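Peer 1: give me coordinates for this.
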Amino acid sequence: MKRGKNYKEKLKLVDRTVFYDTEEAIALVKKTATAKFDETIEVHFRTGCDGRHAEQQIRGAVVLPHGTGKVVRILVFAKGAKVDEATEAGADYVGGEELIPRIQNDGWLDFDVVVATPDMMGVVGRLGRVLGPKGLMPNPKAGTVTNDLAKAIADIKAGKIEYRLDKTNIIHAPLGKASFSEEALAENFQTLVDAVNKARPQVLKGIFLRSVTLTSTMGPGIRLNVVKLTNG
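Peer 2: Just a heads-up that it's a prediction; the model follows:
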């Protein structure tokens, strides 16, 4: 891939032979986030899992103490009294079966998270082919299939993120914005690392976290010292 002059200048700040401690990596990732917009800081965990085996799959959610810096739009599938509960809790969109053709046929996807009550999953299941590939399908493990809509919505608005293993056995997750303080990014990072380590499949033998990389939207990858982040 051909890189621009600006990217090459940022790359000079990063020593590719070094595995940085968390504090150094966070300071460096902020330094390389020089775009004209507030870049997202992301973390990528390359794991030793084999996601082809169900018992080695990883999927969960965690509330980052300082949020992600992004305004999250929530769609809730509910009916009856739960519609009012979702609306009062701050859901951006609430509905039921009438939303199916709008999403399926009109391509409406102006939302970032989908929450559903258990009794609506039969309806939501019909959207699997649309929502699934985009990572928007509600899931009990992520807390997005629930009867406690008020808590689910509050958690998401407060900075709850979902993490999951992709097809290459990597977990990608946002940590916040480049405008966040180093302390806030460090606390978000530690919260996420703790959650991911806790999600290590019991059947996994050998190394769990093979590499951990921090990056900003437009910046180069910064590799972390994995030994200090995990016991295996």
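Peer 1: need the three-state assignment for Phe45.
Peer 2: strand (DSSP: H, G, I helix; E, B strand; the rest coil).
Peer 1: residue contacts, it?
Peer 2: Ile170, Ile171, Ala173, Val196, Leu209, Ser211, Val212 (CB atoms under 8 Å, 6 or more residues apart in numbering). Heads up, the C-betas are built off the backbone N, CA and C, glycines and all.
Peer 1: looking only at residue counts, what's the top helix in the chain?
Peer 2: helix 182-198 (DSSP state H).
Peer 1: what's downstream of that helix, the next helix or strand?
Peer 2: Of the helices and strands lying after helix 182-198 in sequence (DSSP states H and E), the nearest is strand 209-216.
Peer 1: what's the mean pLDDT across the very next helix or strand once past that next one?
Peer 2: Under the assignment DSSP H and E, the closest C-terminal helix or strand after strand 209-216 is strand 222-223. On average, the pLDDT along strand 222-223 is 94.
Peer 1: who does strand 222-223 pair up with?
Peer 2: With DSSP bridges as the test, strand 222-223 is paired with strand 209-216 (antiparallel).
Peer 1: so which bits of the strand it pairs with are buried?
Peer 2: Buried residues in strand 209-216, counting neighbours by 16 or more other CB atoms under 10 Å, are found at Leu209, Val212, Thr213, Leu214, Thr215, Ser216.
Peer 1: pretty sure the fourth one contacts Ala33?
Peer 2: By that I understand Leu214. No: assessed by CB atoms under 8 Å, Leu214 is found out of contact with Ala33, at 10.5 Å.
Peer 1: need the residues touching each of the two.
Peer 2: Ile41.
Peer 1: contact partners for the spatially most central residue of the chain?
Peer 2: Central residue of the chain (CA atoms, centre = their mean): Ala173, 3.8 Å from the mean position. The neighbours of Ala173, taking CB under 8 Å, 6+ apart as the test, are Glu42, Val43, Phe45, Ile161, Tyr163, Leu192.
Peer 1: the same query, at a cut-off of 7 Å, please.
Peer 2: Glu42, Val43, Ile161, Tyr163, Leu192 (CB atoms under 7 Å, 6 or more residues apart in numbering).
Peer 1: swap in Val130?
Peer 2: Ile103, Gln104.
Peer 1: now it. Its backbone dihedrals?
Peer 2: phi -90, psi -50 (degrees, to the nearest 10).
Peer 1: pull out the buried positions in stretch 55-66.
Peer 2: Gln56, Gln57, Ile58, Gly60, Ala61, Val62, Val63, Leu64, His66.
Peer 1: run through who's touching it.
Peer 2: Contacts for stretch 55-66 (CB under 7 Å, 6+ apart): 49-51, 139, 141-143, 155, 158-165, 171, 176, 180, 184, 187-188, 191-192, 195, 199, 201, 203-204.
Peer 1: related to what we said a few turns ago, can you list the buried residues of strand 209-216 in CSV and add distance to Lys151?
Peer 2: Shown next, in CSV, are the buried residues of strand 209-216 (distance: CB to CB, whole Å):
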residue, distance to Lys151
Leu209, 30
Val212, 30
Thr213, 33
Leu214, 30
Thr215, 32
Ser216, 32
